[in-house]
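J.: here you go, sequence then predicted model.
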Amino acid sequence: MAITVTIDGRTTSVEEGTTILHAARDLGIEIPTLCHNDAVEPYGVCRVCIVEASDGKGRAKVVTSCNYEVWDGLHVQTGSEQIMEARRTILDLLLSAHPNAKPVQDLAAQYGVTEPSYTGDPEDDCILCGLCVRVCDQVVGVSALGFSNRGPARKMVSPFLDPSPTCIGCGSCVYVCPTRCLHIVDEGNKRVLYKQDRKNVFKEFELLPCLSCGRPFLPREQLEYVRKKFKLPRKLAQTCPTCGGPGV
């Protein structure tokens, strides 16, 4: 069912269940995000995407646009003075906690925040957005990552701080990381997944060779995952993208 929503004075019709973030993007209105990715369910943890929502008559409330669904007659302000000041505060806190995280630096600078107000950890670019945890759970389905502790001590880790037995080395967590603090590198017949620097290795994998060209290209764990999930014969599953294809 289509419903009517007004964003920054522009009225449009969207389907029920649409979030403010996506309704705004349909209008060409950009709302900043750090923890959002369309591949997974919205989380709203970074708070950067906050907006004002109201019925156009009464007092507005501040909501996270990535997970707040529109309703008929909703009025939204994405750049009011209150929202801009709140975003600056949020970005100041993020920059203070992670002063060397380039995407945080860039976004904060857009809002005039170039120097953090507090002292954080320059050695940790992880903003605890949870994208890596959610993509591993919701998309890949192996739940190899999680969080430990609470408050300032909260960290993204592998279970029990040991190499996860369920991690397949696919790199999905790396691809969605907004601050690029996760890395995956192939070195000869070895793949290494690590956070921030090579001292913080999550897991190492032996790379199996392509059955066509012999080039090492995927971990055994990923091969078995792909074969089971898609019911592929070994020859097809263990053929690299350069050589591979339905006709192998």
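T.: Right, received. Where do you want to start?
J.: so where's the protein shaky on pLDDT?
T.: Scanning the chain for pLDDT under 70 picks out 244-248.
J.: domain ranges for it, per the record?
T.: Here the domain parsing of the chain from automatic domain parsing is 2-79, 131-237.
J.: chain center to the longest one: distance?
T.: Meaning domain 131-237. Here domain 131-237 is found 15 Å from its chain centre; the criterion is C-alpha atoms, centre = their mean, to the nearest Å.
J.: about what we covered before: okay, the domains of the chain in CSV with mean neighbour count and distance to His98 next?
T.: Backbone N, C-alpha and C define where each C-beta goes, glycine included. Below are the domains of the chain laid out as CSV (neighbours: other C-beta atoms under 10 Å; distance: least, C-beta to C-beta, whole Å):
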stretch, mean neighbour count, distance to His98
domain 2-79, 17, 11
domain 131-237, 16, 7
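J.: for Gly112, which of those domains is the nearest?
T.: Minimum separation from Gly112 across those (C-beta to C-beta) falls at domain 2-79, 13.4 Å.
J.: and Phe147, what does it touch?
T.: 128, 130, 133, 154-157 (C-beta atoms under 8 Å, 6 or more residues apart in numbering).
J.: which of the three states applies to it?
T.: strand (DSSP: H, G, I helix; E, B strand; the rest coil).
J.: equivalent analysis for the one 5 residues further on, please.
T.: Here Pro152 is helix, with the state taken from three-state DSSP.
J.: what do you get for Val62?
T.: strand.
J.: for it, which non-adjacent residue is spatially closest?
T.: Closest residue to Val62 apart from its sequence neighbours, by C-beta to C-beta, 6 or more residues apart in numbering: Ile50 at 5.3 Å.
J.: look up phi and psi at the one you found.
T.: phi -60, psi 150 (degrees, to the nearest 10).
J.: that one reaches Thr64, doesn't it?
T.: Yes. Assessed by C-beta atoms under 8 Å, Ile50 is found in contact with Thr64 at 5.8 Å.
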